[in-house]
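Chemist: Mind folding the following:
(one chain, ligands or ions: 1)
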Amino acid sequence: MNVATALETRLSHTSLDATATIDAAELHELVRLAQEAPSSFNIQFTRYIAVTDPALKARLREASFNQAKITDAAAVFVLLGDLQAHVPYAERMSAAAAAGHVPQAMADYLVNMATQSYSDPVRAREESARSIGLSGMALMLAAEERGWASCPMIGFDPNAYRSILGHDERYVALMVVAVGKPSGPGARKQRLPVEAVLRVNGGDF
Ligand SMILES: Cc1cc2nc3c(=O)[nH]c(=O)nc-3n(C[C@H](O)[C@H](O)[C@H](O)COP(=O)(O)O)c2cc1C
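Modeler: Numbers count the residues shown, from 1 in each chain. This next block holds a predicted model:
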């Protein structure tokens, strides 16, 4: 599937086949591909919790305005931003410099810039949201090509998710991507025309 076709065929499926299942190798492959998404400084803010257990999905559904997609999905991917992602980044860069993969001065410069930027929790959350948008789209396009249907979701309570899933407060659930088999063709939604959303070399809307 080429990129244009993937973009034109992906849609948010509101109805998924509740009998579909997904195996561990497929979860791994989808996240491996999603991880190809870019991120600022290559910090890689996105973390993924894939939920396939029916009892756990039922609890998440209660925390998601009772949206049926949560229990009908083969996997509910919870995309979390790491609000302390600059810390493992500094460790990675130190190791890369020690191994001679990057000059020490360059590693120090990048770590200093990243730490200055993202030790501010507002900026860390903003950058996490940006990264998760890209990771989520990569995940959905990979799923599309591999025969899965998907739906991005923000209709859930992140605090309730945290108590159900048990992750630290440092990680914040910013988007869910339900992945499963379609139970119908799904409805394509209209987009604004390019003329309404594009200005070349400036202008107002
Ligand atoms: C960040 C985000 C959050 C969304 N949250 C939900 C949701 O909670 N429930 C839902 O049914 N659809 C949700 N959607 C799907 C949108 O309604 C859908 O993307 C939009 O209507 C365009 O349709 P399409 O994705 O089929 O092109 C969400 C989409 C995005 C990008």
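Chemist: Surely A173 is in a strand?
Modeler: Yes. The assignment for A173, made by DSSP: H, G, I helix; E, B strand; the rest coil, places it in a strand.
Chemist: Mind listing residues that contact stretch 140-160?
Modeler: With CB atoms under 8 Å, 6 or more residues apart in numbering as the test, stretch 140-160 has contacts from 1, 3, 6-7, 9-10, 12-14, 16, 22, 26, 29-30, 33-34, 60, 62-65, 67, 69-70, 73-74, 136, 139, 172-182, 186. C-beta here means a position set from N, CA and C on the backbone, and glycine is covered the same way.
Chemist: which parts of the protein sit against the ligand?
Modeler: L11, S12, T14, Q67, C151, P152, M153, I154, G155, M175, K189 (CB under 6 Å from any ligand atom).
Chemist: Beyond the helix or strand containing R130, next helix or strand please.
Modeler: Taking DSSP states H and E as the criterion, R130 maps to helix 121-145. Beyond helix 121-145 in the direction of the C-terminus, DSSP H and E gives the next helix or strand as strand 149-153.
Chemist: quick one, what contacts the residue nearest to the spatial centre of the chain?
Modeler: In the chain, the residue lying closest to the centroid (CA atoms, centre = their mean) is G136, at 3.4 Å. Neighbouring residues of G136 by CB under 8 Å, 6+ apart: A34, L79, P152, M175, V177.
Chemist: Let's see the pLDDT reported for the fourth one.
Modeler: At M175 the predicted local confidence, pLDDT, stands at 98.
Chemist: tell me the SS of the residue lying closest to it once chain neighbours are set aside?
Modeler: Among residues not flanking M175 along the chain, L79 sits closest, at 4.6 Å (CB to CB, 6 or more residues apart in numbering). For L79, the assignment made with three-state DSSP gives strand.
Chemist: For L79, give me its contacts.
Modeler: Counted by CB under 8 Å, 6+ apart, L79 has contacts T46, R47, Y48, I132, S135, G136, L139, A173, L174, M175, V176, V177.
Chemist: repeat for Y171
Modeler: For Y171, the contact set (CB under 8 Å, 6+ apart) comprises R47, L80, G81, D82, L83, R162.
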